[in-house]
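Trainee: Predicted model follows, preceded by the sequence.
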Amino acid sequence: MSEPVIDLAARAAESALFIKRSVPAVPPLALVLGSGLNELAEGVQDATVIPYRDIPHFPVPTVAGHAGNLLVGRIDSAGLIVLQGRFHYYEGHPLEVVTFPMRVLQFLGVRTVILTAATGGIRADLRPGNLVCLSDHLNLIGDNPLRGSNDTRLGTRFPDMTEVYSKKLRAVAREEGKRLGINVIPGVYACLPGPSYETPAEIRMLQALGADVVGMSTVPEAIVARHGGMDVLAFALVTNSAAGVLGTPISHKEVLDAGKKATPLLGKVLRRVALRLSDPGGTGLTAEMQTFGGDV
Ligand SMILES: O=P(O)(O)O[C@H]1O[C@H](CO)[C@@H](O)[C@H]1O
Ligand SMILES: Nc1nc2[nH]cnc2c(=O)[nH]1
């Protein structure tokens, strides 16, 4: 028997309409907050706060550190939507539910999505508190959010994934980090289904595959955002050294505490990036960054 067909586009359009009717204007920039990063939303001015539970068809987060509110406001002159909390595959949702907020952003007319995530640092030089800007990813969930019949109102059947994370936006992030004296480190994110953290052997495998950081989110959202025609920038905060790197156990409390601690640092970078993106010529790179090579 075939699975029932859910009209995702119709659902996302209804959710988007509800949000549009709740706010004076919808900004073209959205930010998704990862584990422990809820407090970044405190920097949003003139915020209209919409609990996820009030938005038609929106799921509700079950994980500690994911508040479950959608905010529409601004950081200085930059208007933005903030998703205070996300959904994960390990919560038991199918990936179309995990990524439903991306579809809603698509129907709201959002052009750019900035994803943030708490991650384990695999690469030897990465330490808790480091900020990684994703240059690419490994989808190791064993599923794809675009599986099933393709709705051409949402995107094409076979979307290109050569540059999931916009090179231009990555250069902006690096440049703004440099201005602030913050090292924004390029890296590859491996997405596993979770919810158990990795074994040391799994981390060695991920290292051999070319992963720099590991987490249980971000990638399905990035795939759907690209399918929906949005530009993506993603920051992975290193909250802990990955399993076996230091030999110490990992806990979600450690992840949340590290996220909280790094909130001011990430907030500074996000503010500058948002201001650059809200400025019409804002993603234009300086001469220095134009010569910046392929390692962003
Ligand atoms: O990716 P975010 O939501 O930031 O959270 C990360 O931290 C949690 C584990 O501590 C997992 O959910 C993992 O994906
Ligand atoms: N899979 C995974 N997710 C994380 N989120 C934060 N730290 C980690 C980690 O070490 N592994």
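Mentor: Thanks, I have the structure now. Ligands and ions are numbered 1, 2, ... in the order given.
Trainee: and the residue nearest the centre of the chain, helix, strand or coil?
Mentor: The centre of the chain sits closest to residue 115, judged by C-alpha atoms, centre = their mean, with a distance of 1.9 Å. Counting by DSSP: H, G, I helix; E, B strand; the rest coil, the backbone at residue 115 sits in strand.
Trainee: Same question for residue 268.
Mentor: Strictly by three-state DSSP, residue 268 counts as helix.
Trainee: With adjacent residues omitted, what lies nearest to the residue nearest to the centre of the chain?
Mentor: Distances taken as C-beta to C-beta, 6 or more residues apart in numbering place residue 234 nearest to residue 115, at 4.1 Å, with adjacent residues excluded. To be clear about C-beta, it is placed using only N, CA and C from the backbone, and glycine gets the same treatment.
Trainee: Now do the contacts for the one you found.
Mentor: Taking C-beta atoms under 8 Å, 6 or more residues apart in numbering, we find residue 234 in contact with 114, 115, 116, 117, 133, 134, 165, 189, 218, 222.
Trainee: same question, residue 69
Mentor: 41, 49, 50, 51, 52, 84, 85.
Trainee: Select only the buried ones of these in ChimeraX?
Mentor: Buried residues within the contacts of residue 69, by 16 or more other C-beta atoms under 10 Å, are selected in ChimeraX with:
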select :41,49,50,52,84,85
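Trainee: circling back: residue contacts, the residue nearest to the centre of the chain?
Mentor: By C-beta under 8 Å, 6+ apart, the contact list for residue 115 reads 32, 34, 218, 221, 222, 225, 232, 233, 234, 235.
Trainee: Looking at neighbours, which among those residues is most surrounded?
Mentor: Greatest neighbour count in those, by other C-beta atoms under 10 Å, goes to residue 234: 29 neighbours.
Trainee: can you pull the pLDDT of that residue?
Mentor: With respect to pLDDT, residue 234 has a value of 98.
Trainee: try residue 292
Mentor: 33.
Trainee: and what of residue 255?
Mentor: At residue 255, pLDDT is 94.
Trainee: Let me know whether it touches residue 241 as I believe.
Mentor: No - shown here, residue 255 and residue 241 do not form a contact pair, counting by C-beta atoms under 8 Å, at 11.7 Å.
Trainee: Between those two, which is the more surrounded one?
Mentor: residue 255 (24 against 19).
Trainee: To which secondary structure element type does the nearest residue to that one once chain neighbours are set aside belong?
Mentor: Spatial nearest neighbour of residue 255, excluding adjacent residues (C-beta to C-beta, 6+ apart): residue 239 at 4.4 Å. Three-state call for residue 239 (three-state DSSP): strand.
Trainee: do the same with residue 40
Mentor: Classified using three-state DSSP, residue 40 is helix.
Trainee: Tell me how far it lies from ligand 1.
Mentor: From residue 40 across to ligand 1, the span is 12 Å (C-beta to the nearest ligand atom, to the nearest Å).
Trainee: go on, residue 138?
Mentor: Distance of residue 138 to ligand 1, given as C-beta to the nearest ligand atom: 14 Å.
Trainee: That residue - how many residues pack around it?
Mentor: 16.
Trainee: now do residue 12
Mentor: 25.
Trainee: coming back round to it: which ones among the contacts of residue 115 also lie next to ligand 1?
Mentor: Contacts with ligand 1 within those, counted by C-beta under 6 Å from any ligand atom: 34, 218.
Trainee: Excluding chain neighbours, give the residue nearest to the closest residue to ligand 1 within the stretch 1-150 of the chain in space.
Mentor: Residue of the stretch 1-150 of the chain nearest ligand 1, by C-beta to the nearest ligand atom: residue 34 (2.5 Å). Using C-beta to C-beta, 6+ apart and skipping the chain neighbours, the partner closest in space to residue 34 is residue 117 (3.9 Å).
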